[in-house]
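Peer 1: All I have is the shape, not the residue letters:
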Ligand code: PHE
């Protein structure tokens, strides 16, 4: 089978930036900065990005390019026992895709009803309840009987859009990516100009950039910064292995990864400037919340209706804002589906287009779980577990496989194969992958578990989330991800009995010819 390939270097870079830059940049990053002393958080984020994020990003892309397979096949080529690690990443990616699409659907819905902001001018109470009313949420884990039909409609639109973008693999992705990466930047620039021209904007900028050094002593700052680096760079989600596997051997991974990571950072900073200047301008600087969902759907709408006293101007601003979020979210959503569908189709030698379509349909149907009045609470629970626990664990396992069950020097050789000016130094890569990543991430995982139990063992208990919902949406989903590798092995065995032969070439067995053929 001919392997899909990026049309050019810039297509790959843009696709990777599109994946990395998502809703996380727009609200999670500014929210965390607000909570953790502005510039102090930015500094720690930068360190975490250099020490952990960039080496892991390079590692995933490089392994993908060498092996030419999605995450599980790539892991297996490094060590015959490591395939399940790849499946944990894939199954967690599917979980994230399922609910990310629902958040995307809410964004689409808010975009559609943005005209309502005109009628709400000055009415902050009305603005803050707009979204909650639309999705009919009870805020708790009860209320299955009520379905928010407009959300069902938007979820359908979201999945059709995502499928349409990836239906022809890198070819169709390459076409849409130019728009989905440049449009949000343009929108953010428009919003930033508006933000800067508001009175009080400077107070916001000061709060965002001037460090409050005392925040550095809080462990949660470090935990949040590291988690955000992972989430933002789309690491440990099986995406970068897949995107790397579509790369040409002549690609310059060391330089490209730097471009991807720093573009992601710049866009986070730009989104932060928008958030802080606008909030400061409308006198809501202290309301920027670390909880992303609340910021985008409750706090920001309040800011929008206070922007001016001219109704249509506010509505226009709302349209730009939600359009910006749509363009931010779509390429992250389809990248995560690509990561999963590449892994599955590689393993079972399936047609990629059909695999993608099936995945989209299945994920859309399961996503219906989140469109009832109980949906928001469930989404919050699943999101918390997928990111604070499973994602971090995947990072630990990946680093251990590469650092300790394989040779980092071989991966580094791939990374630096075509370098010109910038070469990834061996000490940097080795220390990160062998020591810092496993130790820090394991620490982060333990910290999160301890924090959960210190809080009574139930995530969101104060918000009315039940033990049962934590068991189902948290422990059970994580458990399923952890055993997904075993399930796939069983399926593979059953298929092997029927004569199915897998590709099992290890790292060193992949010859130039196979690579050429694969290309
Ligand atoms: N990097 C994305 C963001 O910042 C996170 C993400 C990637 C989420 C892919 C889903 C899928 O929003």
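Peer 2: Perfect, thanks for sending it. Quick caveat, the model's predicted, so the values are computed rather than measured. Numbers count the residues shown, from 1 in each chain.

Peer 1: residues making contact with stretch 474-492?
Peer 2: 72, 83-88, 90-92, 95, 347-348, 381-382, 384-386, 389-390, 393, 459, 500, 502 (C-beta atoms under 8 Å, 6 or more residues apart in numbering). Placement of C-beta: from N, CA and C, glycine included.

Peer 1: how deep is the residue of the stretch 351-500 of the chain found nearest the ligand tucked in, by neighbour count?
Peer 2: Nearest residue of the stretch 351-500 of the chain to the ligand, counting by C-beta to the nearest ligand atom: residue 387, 9.1 Å away. The number of residues packed near residue 387 is 20, by other C-beta atoms under 10 Å.

Peer 1: for residue 121, same thing?
Peer 2: Residue 121 is flanked by 20 other residues according to other C-beta under 10 Å.

Peer 1: so it is in which element?
Peer 2: Per DSSP states H and E: residue 121 is located in neither a helix nor a strand.

Peer 1: Name the nearest residue to it, ignoring sequence neighbours.
Peer 2: residue 311 (4.7 Å; C-beta to C-beta, 6 or more residues apart in numbering).

Peer 1: got the residues of the stretch 51-200 of the chain near the ligand?
Peer 2: Within the stretch 51-200 of the chain, the residues that sit near the ligand (C-beta under 6 Å from any ligand atom) are 96, 100.

Peer 1: Which one of the residues in the stretch 51-200 of the chain is closest to the ligand?
Peer 2: residue 100 (4.5 Å).

Peer 1: Where does that residue sit: helix, strand or coil?
Peer 2: Look at residue 100: counting by DSSP: H, G, I helix; E, B strand; the rest coil, its state is helix.

Peer 1: dump the residue contacts of the residue lying closest to it once chain neighbours are set aside.
Peer 2: Closest residue in space to residue 100, ignoring its immediate chain neighbours: residue 333 at 5.5 Å, by C-beta to C-beta, 6+ apart. Residues in contact with residue 333 (C-beta under 8 Å, 6+ apart) are 97, 100-101, 104, 158, 162.

Peer 1: In terms of helices and strands, where is residue 333?
Peer 2: With DSSP H and E as criterion, residue 333 is part of helix 311-348.

Peer 1: quick one: the residue of the stretch 51-200 of the chain closest to the ligand and residue 336 touch, right?
Peer 2: Yes - if you go by C-beta atoms under 8 Å, residue 100 and residue 336 touch, sitting 6.9 Å apart.

Peer 1: Output the set of residues of this structure in proximity to the ligand.
Peer 2: So the chain meets the ligand at 19-20, 22-25, 96, 100, 231-232, 234, 237, 332-333, 335-336 (C-beta under 6 Å from any ligand atom).

Peer 1: List just the nearest of those to residue 219.
Peer 2: Among those, residue 231 lies closest to residue 219 (C-beta to C-beta), at 18.4 Å.

Peer 1: From the structure, what's the count of residues near residue 294?
Peer 2: Neighbour tally, residue 294, other C-beta under 10 Å: 17.

Peer 1: I'd like the numbering to begin with 35 instead of 1 from here.
Peer 2: From this message on, residue numbering opens at 35, which makes the last subject residue 328.

Peer 1: Which element, helix or strand, includes it?
Peer 2: Going by DSSP H and E, residue 328 is part of helix 326-328.

Peer 1: name the helices or strands packed onto the next helix-or-strand element following that helix?
Peer 2: Using DSSP H and E, the helix or strand that directly follows helix 326-328 along the chain is helix 334-340. On a contact count with 3 or more C-beta pairs under 8 Å, 6 or more residues apart in numbering; DSSP states H and E, helix 334-340 meets helix 150-153, helix 158-168, helix 345-382.
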